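Undergrad: got a sequence here, can you build the structure:
(chains A and B)
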Amino acid sequence: MTDTINLRLYRKLYLIRKAEQTIIDNYENDEMKTPMHMSAGAEAIAAGVCLALGSHGQMLSSYRSHGVYLANTEETDLFFAELYGKSKGMAKGKAGSMHLSSVETGYLGASAIVASTLPVAVGAAFANKRKGSDSIAAVFFGDGAVDEGDFWESLNLACVLKVPVLFVMEDNGLAVHTPASRRHGYESIDNIVSQFNCSVFQSDTTDVESIYELTCRAIESVKKDGHPSFLHLKYYRYLEHVGVHEDFDSGYRSRKEFEEWYARDPVLLQREKLLTDGYDEAEIRGLERAIDDQISRSVKLAQEAQHSDKNEIYRDLSA
Amino acid sequence: MKRSISYRQALNEAIVEEMSRDETVFIYGIDVADHKRIFGTTKNIPEKFGGDRCFSTPLCEDTLMGFGLGAAINGLRPINVHMRVDFLLLAMNQLVNMVSSYRYGAGGRLKVPLVIRAIIGRGWGQSYQHSKSMHSVFAHIPGLKVVMPTTPNDAKGLLISAIRDDNPVVFIEHRWLYDAVGEVSDEDGPIPFGVPNVLRAGTDLTVVATSWMNVEALKAAEILEKHGVSLEVLDPRTISPLEDAAIVESVMKTRRCIVADNDWTFSGFSAELASRIYSSCFGVLRSPIERIGFEFTPCPCARPLENQFYPNAINIIRAAERLLGMDPVDLSGEDFYSYENKFRGPF
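TA: Numbers count the residues shown, from 1 in each chain, chains lettered A, B, ... in the order given. From the prediction side, this is the model:
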């Protein structure tokens, strides 16, 4: 199988979708005692942006972090161990779903306070610039973050200091359950951001290859113009704000909306594309099965692993 | 070699020396590089190290704090300056939700060598948003170190330690102390956190004081000495971590204690300290511990009200007399000099 960009993107998409399906299937067992903010529907943003960032890229995200973690690392042992709260997790059970990180591969962390990782990304990018590194720091945040002061402060500071940072707005039109129309006293965030010394890129595509290419352009712009880029990407949140269930019967949104978006589901769309590209069904199945096996092994390892000993509570507070 | 320098010069020297030694150190914040240079503490630093390592910023405290966190976890050693601790309160989200716990949440795979300098102070009508201390609040948060030097030597040595520390340190400077002059030993280098400093040895009563209150405590000790009373004055220097062994040892000796904190007493550092002393010295104490601090109100603007708000040497003297069962001494001939004479507004 030739390892094309499209295949690499599909591997990330399928891994995220399958890992989250595994969370859904096991969540009722009440062994993963951590609030899950699911990435379902947003997989193409994590996959496309992370691949474009390359191996030197750095990223921070919101608490809706499964997609970014898995797209960045493609590993699931530490991931599930952390969700199960075990000693083999990347934070030995102290982080859970909302504070995933993979420092070694550039994922510098996730936060459960809306917009709070934006300033951190600007600081990380400042350090990269000072060190003469070619690394781009990307920060993923929802459209709710745009309501926060830290968004505007970070955008402004990044533009003043001209740091190599990529703002990635994952826009699902909802902050928890409140639509943008009830939160935004303006028409277009893109127009406003374009008034800053910042390049704006936007799309409502669910095609991961398009997102990858758009991100490459945004990164090129950062490198060429020496100022931040703002990447505004729309998606549809398939599940409830927090938790593993649908919530189309709760009145604030309709199943019809979901069905319109699901008709161009990023994972299914990319699978179709691979078939069109000439991969055969058996090859794709083989790739999927390998990921299924990886996840099954990881879940088993996590379930069998020990919880951290009680003294772990005191470790890692100070260096 | 010992030299006499001011507190502001001590801070400046610590920053210059550390920036010269380690090129990852940089200093930033609102008006850090303007002509006033943070009360002179960043004097010559932009000229010596350039605008990349010492720069003024937009007014966005919370983001500036998170920015420092990002730079710190990515290999730099930021110093973020706040001209008033009251402004630092705008950064409480980043400080308390992010900075303090970031290493913990990352399973210890990141370091956060971030210094947060915050200036406290009083006088000349500063009123209630330019006058707080807040060290009790910061010290309440696991993962933050809180340092509060009184002498020029401590200012220099503790700031060097703060910059070299791989953890976030809130470094609190009282504005009136900037003109205080004291001896600095160049050989001493960094001063370790957690070790109280005996500013004056005594036998009758222990006064544990923070920041400016040490100046008041030393004045009280000087006056009471004339009346045959010997105060021991201890400065914890660091609020967190707090190693209380030397304080307990002193109280075991004197069997009486006043805690004079440069803060409100309610739910504050003075209560923490008094509780520890009670636990360790139970049965030895000859009288209850007295706590002295700000009036439990916002700080008012006008001088007579402000004088009521802030405790001083007289409060310490009167408390000591109560604990020792003495009649009040005559203070009519005493000169209560304060560094405020050197401080004029408007800022």
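
Undergrad: may I see the buried residues of the top helix by length along chain B?
TA: Longest helix of chain B, by residue count under DSSP state H: helix B:7-21. Of all the residues in helix B:7-21, those buried under the rule 16 or more other CB atoms under 10 Å in any protein chain shown are B:7-19. In short, each C-beta sits where N, CA and C put it, glycine included.

Undergrad: go on, stretch B:29-43?
TA: In stretch B:29-43, counting by 16+ other CB under 10 Å, buried: B:29-30, B:32-33, B:37-39, B:41-43.

Undergrad: which of those lies closest to A:T76?
TA: Minimum distance to A:T76 across the buried residues of stretch B:29-43 is 42.0 Å, recorded for B:G29 (CB to CB).

Undergrad: residues contacting the closest residue to the closest one other than its chain neighbours?
TA: Spatial nearest neighbour of B:G29, chain neighbours left out: B:V81 (3.8 Å); criterion: CB to CB, 6 or more residues apart in numbering or on different chains. Contact analysis of B:V81 by CB atoms under 8 Å, 6 or more residues apart in numbering or on different chains lists B:27-30, B:32, B:38, B:42, B:117.

Undergrad: tell me which element B:V81 falls in.
TA: strand B:77-82 (DSSP states H and E).

Undergrad: strand B:77-82 and the longest helix of chain B, what's the angle between them?
TA: Interaxial angle, helix B:7-21 versus strand B:77-82 (axes from the mean of the first three to the mean of the last three CA atoms, to 10 degrees): 150 degrees.

Undergrad: so how far is helix B:7-21 off the chain centroid?
TA: In terms of CA atoms, centre = their mean, to the nearest Å, the centre of helix B:7-21 is found 17 Å from the chain centre.

Undergrad: by contact count, what packs against that helix?
TA: Contacts defined by 3 or more CB pairs under 8 Å, 6 or more residues apart in numbering or on different chains; DSSP states H and E place helix B:7-21 against strand B:25-29, helix B:37-40, helix B:45-49, helix B:152-164, strand B:181-185.

Undergrad: so which elements touch the helix or strand just after the strand holding B:V81?
TA: Sequence-wise, the next helix or strand downstream of strand B:77-82 (DSSP H and E) is helix B:85-88. Helix B:85-88 sits against strand B:115-120, with contacts defined as 3+ CB pairs under 8 Å, 6+ apart.

Undergrad: and which of the buried residues of helix B:7-21 is nearest B:E232?
TA: B:Y7 (23.1 Å).

Undergrad: tally of neighbours for the residue of the stretch 151-300 of chain B found nearest chain A?
TA: Nearest residue of the stretch 151-300 of chain B to chain A (CB to the nearest CB) works out as B:D166 at 3.6 Å. B:D166 sits with 15 neighbouring residues when counted by other CB atoms under 10 Å in any protein chain shown.

Undergrad: burial of A:Y14, as a residue count?
TA: For A:Y14, the count of nearby residues is 21 (other CB under 10 Å).

Undergrad: list the residues that contact it.
TA: When the contact criterion is CB under 8 Å, 6+ apart, the partners of A:Y14 are A:267, A:271, A:287-288, A:291.

Undergrad: who's in contact with whatever residue of the stretch 201-319 of chain A ends up closest to chain B?
TA: Chain B sits closest to A:D316 of the stretch 201-319 of chain A, with a gap of 3.2 Å, by CB to the nearest CB. A:D316 is in contact with A:91-92, A:94, B:103-104, B:106-108, counting by CB under 8 Å, 6+ apart.

Undergrad: cool, and B:C60?
TA: A:149, A:153, A:156-157.

Undergrad: same deal with B:E216?
TA: Here B:E216 is in contact with B:209, B:260, B:311-313, B:315-316 (CB under 8 Å, 6+ apart).

Undergrad: related to what we said a few turns ago, which of the contacts of B:C60 fall within helices?
TA: Mapping the contacts of B:C60 onto helices (DSSP H) picks out A:149, A:153, A:156-157.

Undergrad: show me which pair in those is furthest apart.
TA: With CB to CB as the measure, no two of the ones in helices among the contacts of B:C60 lie farther apart than A:G149 and A:L157, at 11.8 Å.

Undergrad: comparing the two, which residue is more hemmed in?
TA: More crowded of A:G149 and A:L157, by other CB under 10 Å: A:L157, with 25 against 14.

Undergrad: show the pLDDT at the more buried one.
TA: With respect to pLDDT, A:L157 has a value of 98.
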